[in-house]
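Q: No letters, just coordinates:
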């Protein structure tokens with residue numbers, strides 16, 4: 001389940017890859033994107049900045065409001081739930097990435113395992129987005145069952161889309177888009193590192 005990914009390509013290259021209008025200009029992002037961080041997203045034909053995660057309101061033990069928690073992932077089989085259904089029906093996006101990480105290892109000693117295109121190219125994860133009072137425009141990644149090398153790390157993985165399916169995801173009807181929520185059958189490279197998982201990698205929230 002993805003709660004950390006990399007985006008190492010320049011904005012201009014990403015915009016060309018997705019045939020999108022670059023509305024980011026010279027905006028800079030960190031190469032590693034965590035829940036609650038800004039990321040580049042392709043929505044409505046443009047490459048734009050949004051916050052990764054839908055805000056989930058929380059209250060403390062005494063009823064006091066707490067800082068919202070970013071819900072950065074949604075399961076494909078829960079897209080009809082109230083939290084997601086309007087975004088899925090009306091506001092689907094592409095999330096450009098060059099790799100995503102999974103945590104492996106014992107509790108307290110987990111390390112980062114990265115999955116990517118073996119040729120170092122761009123991948124597009126399926127996403128949904130909406131406007132929020134808390135963070136402005138925000139997005140969440142869609143998860144499905146893991147397959148291939150991704151299944152060696154976790155039982156779920158992002159819905160990765162082939163270029164021929166970009167238009168169906170962003171502009172097709174909901175049922176056609178739902179049909180794309182399947183495990184990625186293309187090649188993936190798995191890089192198990194000794195880099196500690198801690199150090200900024202917030203816990204993923206999945207609804």
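A: Thanks, I have the structure now. Keep in mind that what you see is a predicted model, and the values were worked out from it rather than measured.
Q: Retrieve the pLDDT associated with residue 55.
A: As predicted, residue 55 sits at a pLDDT of 95.
Q: which residues does the most centrally placed residue in the chain contact?
A: The centre of the chain sits closest to residue 141, judged by CA atoms, centre = their mean, with a distance of 3.5 Å. Residue 141 sits next to 2, 52, 72, 73, 74, 95, 125, 126, 127, 158, 159 when contact means CB atoms under 8 Å, 6 or more residues apart in numbering. C-beta: built from backbone N, CA, C; applies to glycine.
Q: Quick one: mean pLDDT for the helix or strand where it lies?
A: When secondary structure is defined by DSSP states H and E, residue 141 falls within strand 136-145. Strand 136-145 carries an average pLDDT of 97.
Q: Low-confidence stretches in the protein?
A: Across the chain, residues meeting the criterion (pLDDT under 70) sit at 1, 199-207.
Q: Helix or strand: which one has the residue of the chain positioned farthest from its centre?
A: The C-alpha centroid of the chain is most remote from residue 62, which lies 33.4 Å away (CA atoms, centre = their mean). Taking DSSP H and E as the criterion, no element holds residue 62; it sits outside all helices and strands.
Q: Among the contacts of residue 141, which ones are in helices?
A: Under the assignment DSSP state H, the contacts of residue 141 contribute nothing to helices.
Q: Columns neighbour count on top of those, output as TSV?
A: Written out in TSV, the entries for the contacts of residue 141 read as follows (neighbours: other CB atoms under 10 Å):
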residue	neighbour count
2	25
52	28
72	31
73	23
74	24
95	31
125	23
126	26
127	29
158	25
159	23
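Q: So the residue farthest from the centre of the chain versus residue 151, what's the distance?
A: Between residue 62 and residue 151 the distance, using CB to CB, to the nearest Å, works out to 43 Å.
Q: same deal with residue 50?
A: Relative to residue 151, and taking CB to CB, residue 50 is found at 29 Å.
Q: Now do the helices in the chain.
A: Under the criterion DSSP H, helices of the chain are mapped to 11-17, 85-90, 166-171, 174-178.
Q: can you redo these as a markdown table with mean neighbour count and distance to residue 36?
A: Written out in a markdown table, the entries for these read as follows (neighbours: other CB atoms under 10 Å; distance: least, CB to CB, whole Å):
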| stretch | mean neighbour count | distance to residue 36 |
| --- | --- | --- |
| helix 11-17 | 17 | 21 |
| helix 85-90 | 16 | 18 |
| helix 166-171 | 17 | 24 |
| helix 174-178 | 15 | 26 |
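Q: For residue 192, find the nearest of the ones you listed.
A: Set against residue 192 and scored by CB to CB, those come closest in helix 11-17, at 26.9 Å.
Q: what's that closest one packed up against?
A: strand 21-22, strand 38-43, strand 46-52 (3 or more CB pairs under 8 Å, 6 or more residues apart in numbering; DSSP states H and E).
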